[in-house]
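Enquirer: got a predicted structure plus its sequence, pasted below:
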Amino acid sequence: MSKKSLAAAGIRLSLLTLGSRILGLIREMTKASLLGTTSLADAFGIAFMIPNLFRRLFAENSISVAFIPTFRGYLEGAETPQGHKETQEFLSATCTVVTFCTVLVTLLGIICAPLIVPIFTGNHEQNVINETVLLTRIMFPYLAIISFAAFLQGILNAVKIFSPSGFTPILFNLIIIICSYTLGKITGNAARAMSAGVILGGLVQAFFQLPFVLKTEWKITFAPLKQAFTNQGTKKVFKLIGPTIIGMAAYQLNDVVSTALAGRAGTGIVSSLQYSLRLQELILGIFAVSIGTVILPDLSGLAKRKKWDEFSDMLLQASRIIALITIPITFFAFFFGEHIIILVYKNNRFTNESVRLTLEAFRFHIVGLFFIALNRIMAPAFYAQGNTKQPTLAGIWGFAVNILLALCLSQILSGGGIALALSIASAVNTIFLFIYLARNKTIHAGRILSQLCIYMIKMIILSIIALLPVFPAARILYSTFSGHGRIISEGIPFILSSLLFALIGICLLLLTRDSLTEGITNRLKRRYMK
């Protein structure tokens, strides 16, 4: 694949990711409208979290870290008949192992649900616990289904076909939204309808990709169980995935412990934290993940050629871009968070109390936005050098801080304390990433950190200056449009306030001759003045 076609594929994937994140937000809006922050919303959140945890831990980790590199190694020798046969045997063995392991865990999860669920539901009433057990049993098969979908995605991504896999999350979210509104009467409540949508959406994710995989001329077949586990390729996959599972487990256990603490903090805390995180993930999905995905191949190439000065410059540039985007958004979202939550979520079952609970979490979540986004940029700097150990260690330190603080702060600040613990832990993770980066003498970690800190201070000052005239203008706008329905009374003032903040911010950046802003404007001038 040429650089141009690869870049085009990256752009398409970014657009699909953006579409998926937006629909994911709409899915949460649907949940907010039908369930609010009720105990039923908490039940769905806990039930979906449990199989989703295993998916993130095993399926995503296995595919990105272990399966794709191993499969690509096989593809290099697949042109010969013997090489083609060995590659097909590896695929069949992997398919068998994935299916066997995930079905086994699914069956255990369904059987043990009454033992697992009380860990997260705390002192909820028995009917809430029973409903959570039922929803968990409905959704646990999602683990096996989505793991098979991830296996198909791995095959496609290894042969540089990205769009089908990028499109499936859009289908997944659409199906859940449709099922939420159409199956409620049949299933008994909206939470069960959404659970049915999760299973149906997972099936569509898997089978939508299957025709594209078959076009690659690789077959989806099974191997005898003993042969599957003794295959040299699957052994290599297990060997590669082993060390990273520890780091991934630490990261995912953050969700587990946070959800368990939230479930015990009171009704609505679990769902309010999830609503808050969905808003944050939308921003991260649009900016940080895309930038991290784009720079990883370039960093890998520079590391391979040992061009460490250029490597350091690219990492600094990406970090400054993150600061340019996330710091102003953090300030604006912190002060306009209540309006954002009302605009996005307030409807039907999402009451004023729901707004209060979600705002409590959101303000503490949003202060960690910069660090969470920066971690998505810093980690590829290690991966580009083939170093997975140090980011894993940084993740473990972050996990330890998060759990310790969450245990303490949840007693004082309830859901807000759990959110604040995550933000502080993200900052600790960033600090350790810089400490480990500084140990690599070929990379100018000190220069990157000092220049980034100076730029951060600049962005903080400019954000505060830009906000000052926005407050009185927003007060007038919200007063003018009040009483005209949520979309008009909240939407129009918010959009106009956002545009005013962005306009003032851009003017300040140009006045201070910000190099990033000038670079963007110069590119736009060259493009549109041709």
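Expert: Great, that's in hand. Numbering: from 1, shown residues only.

Enquirer: pull the number of nearby residues for L468.
Expert: 9 (other CB atoms under 10 Å). (Glycine included, C-beta is placed from N, CA and C.)

Enquirer: look up phi and psi at it.
Expert: Backbone torsions of L468, given as degrees, to the nearest 10, read phi -60, psi -50.

Enquirer: what about it, distance to I504?
Expert: In this view, L468 and I504 are 9 Å apart by CB to CB, to the nearest Å.

Enquirer: how about N347?
Expert: To I504, N347 is 32 Å away according to CB to CB.

Enquirer: higher neighbour count, these two?
Expert: I504 (19 against 16).

Enquirer: what strand or helix carries that one?
Expert: Assigned by DSSP states H and E, I504 belongs to helix 492-511.

Enquirer: contact partners of that helix?
Expert: Here helix 492-511 makes contact (CB atoms under 8 Å, 6 or more residues apart in numbering) with 328, 332, 336, 339-340, 343, 462-463, 465-467, 469-470, 473-474, 477-478, 480-481, 516-518, 521.

Enquirer: list buried residues within those residues.
Expert: Buried by 16 or more other CB atoms under 10 Å: 328, 332, 336, 339-340, 343, 462-463, 466-467, 470, 474, 477-478, 481, 517, out of the contacts of helix 492-511.

Enquirer: now do the SS call for E217.
Expert: Judged by DSSP: H, G, I helix; E, B strand; the rest coil, the three-state class of E217 is coil.

Enquirer: point out where the stretch 351-500 of the chain drops to low pLDDT.
Expert: Low-confidence segments of the stretch 351-500 of the chain, defined by pLDDT under 70: 383-384, 386.

Enquirer: can you give me the helices in it?
Expert: Here the stretch 351-500 of the chain has its helices, by DSSP state H, counting those that start in this stretch, at 352-366, 369-383, 389-413, 415-438, 445-467, 470-481, 486, 492-511.

Enquirer: what lies in contact with the fifth one?
Expert: Okay, so that is helix 445-467. Residues outside helix 445-467 that contact it (CB under 8 Å, 6+ apart): 312, 315-316, 319-320, 323-324, 327-328, 330-332, 335, 370, 434, 437-438, 501, 504-505, 508-509, 512, 514.

Enquirer: please repeat the previous calculation with a cut-off of 7 Å.
Expert: Helix 445-467 is contacted from outside by 312, 315-316, 319-320, 323-324, 327-328, 331-332, 335, 434, 437-438, 501, 504-505, 508-509, using CB atoms under 7 Å, 6 or more residues apart in numbering.

Enquirer: now the fourth one
Expert: With contact meaning CB under 7 Å, 6+ apart, helix 415-438 is reached by 254, 258, 261-262, 265, 269, 272-273, 276, 357, 360-361, 364-365, 367-368, 371-372, 374-375, 378, 381, 390-391, 394-395, 397-398, 401-402, 405-406, 409-410, 413, 443, 445-446, 449.

Enquirer: pull the distance from that helix to the chain's centre.
Expert: Relative to its chain's centre, helix 415-438 lies at 16 Å (CA atoms, centre = their mean, to the nearest Å).

Enquirer: buried residues in it?
Expert: Neighbour-count burial for helix 415-438, counted by 16+ other CB under 10 Å, picks out 415-430, 432-434, 436-437.

Enquirer: what is the orientation angle of that helix with helix 445-467?
Expert: Counting by axes from the mean of the first three to the mean of the last three CA atoms, to 10 degrees, helix 415-438 lies at 140 degrees to helix 445-467.

Enquirer: convert the C-alpha atoms of helix 415-438 to CSV, please.
Expert: Output in CSV follows, covering the C-alpha atoms of helix 415-438 (Å, rounded to 0.1, in the frame of the first residue of the first chain):
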residue,chain,number,x,y,z
GLY,A,415,-19.0,9.9,42.4
GLY,A,416,-16.9,13.0,42.1
GLY,A,417,-14.2,11.5,44.3
ILE,A,418,-14.0,8.5,42.0
ALA,A,419,-13.7,10.8,38.9
LEU,A,420,-11.1,12.9,40.6
ALA,A,421,-9.0,9.8,41.5
LEU,A,422,-8.9,8.8,37.8
SER,A,423,-7.8,12.3,36.8
ILE,A,424,-5.0,12.4,39.4
ALA,A,425,-3.9,8.8,38.5
SER,A,426,-3.7,9.9,34.8
ALA,A,427,-1.4,12.7,35.8
VAL,A,428,0.7,10.2,37.8
ASN,A,429,0.8,7.9,34.7
THR,A,430,2.1,10.8,32.6
ILE,A,431,4.8,11.7,35.2
PHE,A,432,6.1,8.1,35.2
LEU,A,433,6.1,8.0,31.3
PHE,A,434,8.3,11.0,31.3
ILE,A,435,10.6,9.5,34.0
TYR,A,436,11.0,6.3,31.9
LEU,A,437,11.4,8.4,28.7
ALA,A,438,14.2,10.3,30.4
